[in-house]
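**Student:** Have a look at this fold, sequence not included:
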């Protein structure tokens, strides 16, 4: 195993404007290597002696000295990316924006997306149901308009849900686990999947249906009928979908979708494993 530092020891060297400037300079348009003099010029260092001191504080954990100069370590790259993304320096708020999709609970055309402190919430202003609440990095907010934010959030989290269901955390790479529980939406009782990293604590709660949208049987079922789920949003995957809890000890949820009378039924276990697939023709 490699070297491990305490969190206080690791972050202490970053508390200086010139040091973070060095990390940013070595990541301008991607990781690069620069000489002592080129780096000093890039950050407009006041004195050679003072700049050398700052480099020593970063070298080993965030920087590595090579024959051609200084370059970022993996930790340095991650800090540089965090700086560029604004994850630790920006808090974005956006006014509510209308979403074209109808509410899956009341069918009203009253869905809206609102951002507070980098977190996007999709809710229905008619029945007041909260359909989705997910963090979206400041960098994403800077590069998307009010109209494209919902699509970007949907695509990002479709990928993250799949990764977590596969047993891996999309943020730190550690193992992830899935469990099911009950969720009340108004007067409705639904099953909900809780996906969580075993190390960094990253987690997502989502409907059971969201975990099977990219299952091979589902993709094939839609493809054979000239349909695709690629652009269906997590907050409304379509009225043809249904869920029914068959058991909660152990958990078993039946997820169904119907196209032109043909039905695909999937039995989903507590860890989101699809244990059975049945296709029934309406002809």
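**Tutor:** Yep, that arrived. This structure is a prediction, so every number in the text was calculated from the model and none was measured.
**Student:** mind showing which ranges of the stretch 51-200 of the chain have poor pLDDT?
**Tutor:** Along the stretch 51-200 of the chain, the parts satisfying pLDDT under 70 run over 185-188.
**Student:** and if we set it to 80?
**Tutor:** Within the stretch 51-200 of the chain, the ranges that satisfy pLDDT under 80 run 184-189.
**Student:** in it, which spans are helices?
**Tutor:** With DSSP state H, counting those that start in this stretch as the criterion, the stretch 51-200 of the chain has helices at 74-85, 138-143, 149-165.
**Student:** Looking at those, spot the one closest to residue 189.
**Tutor:** Nearest of the helices of the stretch 51-200 of the chain to residue 189, taken as Cβ to Cβ: helix 149-165 at 21.8 Å. For the C-beta atoms, the positions are set from N, CA and C on the backbone; glycine is no exception.
**Student:** Could you list every helix and strand that that closest one packs against?
**Tutor:** Using 3 or more Cβ pairs under 8 Å, 6 or more residues apart in numbering; DSSP states H and E as the contact test, the elements touching helix 149-165 are strand 94-98, strand 111-116, strand 119-124, strand 130-135, helix 138-143, strand 176-185, strand 188-197, strand 203-207.
**Student:** That one versus strand 94-98: what angle between them?
**Tutor:** Per axes from the mean of the first three to the mean of the last three Cα atoms, to 10 degrees, the angle that helix 149-165 makes with strand 94-98 is 90 degrees.
**Student:** buried sites along helix 149-165?
**Tutor:** Neighbour counts over helix 149-165 (16 or more other Cβ atoms under 10 Å) mark 149-150, 152-154, 156-158, 160-165 as buried.
**Student:** what's in contact with it?
**Tutor:** For helix 149-165, contacts defined as Cβ atoms under 8 Å, 6 or more residues apart in numbering pick out 94, 97, 99, 113, 115, 120, 122, 132, 134, 136, 140-141, 144, 169-170, 176, 178, 195-197, 204, 206, 210-211, 213-214, 231, 233-235, 272.
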